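S.K.: predicted model follows, preceded by the sequence.
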Amino acid sequence: MTNTITLPSPAKLNLFLHINGQLPNGYHELQTLFQFIDYGDSLTFSSRADGNIVLTTEMAGVAHDDNLIVRAARLLQQHTDCNQGVTISIDKVLPMGGGIGGGSSNAATVLLACNYIWNTKLPAATLAKLGLQLGADVPVFVHGKATLAEGVGEKFTDMNPPEPWYLVIFPNVHVNTATIFQHPDLPRSTPKLASANILASDLGNDCQKLVSKTYPQVEKALRWLLEYAPSKLTGTGSCVFASFETQQQAHQTLLDLPEPMTGFVAKGCNTSPLHNALQQYN
Ligand SMILES: C[C@@](CO)(OP(=O)(O)O)[C@H](O)COP(=O)(O)OP(=O)(O)OC[C@H]1O[C@@H](n2ccc(N)nc2=O)[C@H](O)[C@@H]1O
Ligand SMILES: Nc1ncnc2c1ncn2[C@@H]1O[C@H](COP(=O)(O)OP(=O)(O)O)[C@@H](O)[C@H]1O
């Protein structure tokens, strides 16, 4: 077995997001379509015999022990009584608080990678359940297929949406997911759709209006991108995205982007790049 492995940690987009209600525990019932993109962080793992979990890359604003990377490794180690440790480094390119799932994706990559290098052999369904303790989106990244998520995000119906080129814009502001979900003005009663109707409809994001109002930078980014193509918010933001027929059209649009916004071009993927990369180890 290889002792050092490098794996991708891709971003996701919410192609639509509806809020159908709120549960007594405060969490929201959602319907949202997740698709992966071929753009993200890259993590390198080396097992170690001393049992320590060490992240060697510093991440601004996130303490070592709070990092989802470290927490995911500890959770798996404790759950399996594993006595091995791991050294992890990350090439971080995904903006935090952008609604593209960077932290959740990192946690999922750690769960799958450590399960492999420690030979702990947990099935994917168990890793997904463990991941849910770390964040609502971790199970989707463990699952690795474009999927309609329902409930609080844990019930999956896999879907096969088109895989276009996307231009994703980061408005240079971080949105706190909890702040948006706690806001009294968030719409919370969109009727549930039958899964068979999802791909045929042009659906929006119920957080978009509130996030645009709360964060003028998001509104500005949306207004700018809408000049080029139909655009929407992903997750609770802050990133906004639009699809293009060709990679070149998306790149051409990116060239016009005014500062301080940043952006990138990526392809939609119905199978996660992480799962494609893991195939070489199975
Ligand atoms: C709504 C989504 C859609 O992708 O937004 P983004 O985070 O991607 O923007 C996610 O499911 C978010 O996932 P994640 O960011 O992992 O959320 P968590 O850490 O689990 O929860 C953050 C906070 O959001 C609220 N929350 C989250 C999920 C949910 N179904 N209902 C909620 O009310 C809760 O207040 C919770 O304390
Ligand atoms: N490895 C990590 N990568 C990104 N964020 C992390 C990580 N570990 C902890 N966090 C925390 O999680 C928050 C949400 O990050 P992220 O998942 O990137 O955003 P979003 O859920 O909006 O896509 C960050 O603001 C940060 O405080």
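M.R.: Received the coordinates, thanks. The structure displayed is predicted, hence computed values, not measured ones. Residues are numbered from 1 along each chain as shown. Ligands and ions are numbered 1, 2, ... in the order given.
S.K.: could you use CA atoms for every contact and neighbour count after this?
M.R.: OK.
S.K.: packing partners for the strand or helix carrying residue 251?
M.R.: Following DSSP states H and E, one finds residue 251 within helix 247-255. Here helix 247-255 touches strand 165-170, strand 262-269, going by 3 or more C-alpha pairs under 8 Å, 6 or more residues apart in numbering; DSSP states H and E.
S.K.: which outside residues touch it?
M.R.: Contact with helix 247-255 is made by 165-167, 228, 243-244, 263-265, as judged by C-alpha atoms under 8 Å, 6 or more residues apart in numbering.
S.K.: try it again at 7 Å.
M.R.: Defining contact as C-alpha atoms under 7 Å, 6 or more residues apart in numbering, one finds that helix 247-255 is touched by 165-167, 244, 263, 265.
S.K.: look up the closest residue to residue 257, ignoring the ones flanking it.
M.R.: residue 263 (7.9 Å; C-alpha to C-alpha, 6 or more residues apart in numbering).
S.K.: you'd agree that neighbour is up against residue 170?
M.R.: Yes: using C-alpha atoms under 7 Å, residue 263 is in contact with residue 170, at 5.7 Å.
S.K.: ok, which of the helices and strands packed on helix 247-255 comes nearest residue 61?
M.R.: Nearest to residue 61, of all the helices and strands packed on helix 247-255, is strand 165-170, at 18.1 Å by C-alpha to C-alpha.
S.K.: can you give the distance of that closest one from its chain's centre?
M.R.: When C-alpha coordinates are averaged (C-alpha atoms, centre = their mean, to the nearest Å), strand 165-170 and its chain have centres 14 Å apart.
S.K.: what mean pLDDT does the helix or strand following it get?
M.R.: For strand 165-170, the following helix or strand on the C-terminal side (DSSP H and E) is helix 177-182. The pLDDT scores in helix 177-182 average 94.
S.K.: for stretch 155-166, same thing?
M.R.: 96.
S.K.: over to stretch 123-136?
M.R.: Average pLDDT, stretch 123-136: 95.
S.K.: CA atoms only for that stretch - export them in CSV, please.
M.R.: Output of stretch 123-136 as CSV, limited to C-alpha atoms (Å, rounded to 0.1, in the frame of the first residue of the first chain):
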residue,chain,number,x,y,z
PRO,A,123,-18.1,1.5,4.1
ALA,A,124,-18.9,4.9,2.4
ALA,A,125,-22.3,5.0,4.1
THR,A,126,-20.6,5.0,7.6
LEU,A,127,-18.1,7.6,6.5
ALA,A,128,-21.0,9.8,5.3
LYS,A,129,-22.8,9.4,8.7
LEU,A,130,-19.6,10.3,10.5
GLY,A,131,-19.2,13.3,8.1
LEU,A,132,-22.7,14.6,9.0
GLN,A,133,-21.3,15.4,12.5
LEU,A,134,-18.9,17.8,10.9
GLY,A,135,-21.2,19.6,8.5
ALA,A,136,-24.4,19.2,6.5
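S.K.: the host helix or strand of residue 116 near ligand 2 at all?
M.R.: If you go by DSSP H and E, residue 116 is part of helix 102-117. Yes: judged by C-alpha under 6 Å from any ligand atom, helix 102-117 and ligand 2 are in contact via 102-104, 106.
S.K.: of those residues, which is the nearest to ligand 1?
M.R.: Nearest to ligand 1 among the residues of helix 102-117 next to ligand 2, counting by C-alpha to the nearest ligand atom, is residue 104 at 6.0 Å.
S.K.: hang on, that closest one packs against residue 135?
M.R.: Yes: counting by C-alpha under 7 Å, residue 104 touches residue 135, with 6.4 Å between them.
S.K.: overlap of the contact sets of the two?
M.R.: Both residue 104 and residue 135 lack any common contact, where contact means C-alpha under 7 Å, 6+ apart.
S.K.: ok, these two, which is more surrounded?
M.R.: residue 104 (28 against 16; other C-alpha atoms under 10 Å).
S.K.: and residue 225, which of the three is it?
M.R.: Put simply, residue 225 is helix when judged by DSSP: H, G, I helix; E, B strand; the rest coil.
S.K.: now do the same contact list for it.
M.R.: By C-alpha under 7 Å, 6+ apart, the neighbours of residue 225 are residue 231.
S.K.: mind pulling up the pLDDT for it?
M.R.: 98.
S.K.: can you tell me the SS state at residue 72?
M.R.: Quick answer, by three-state DSSP: residue 72 is helix.
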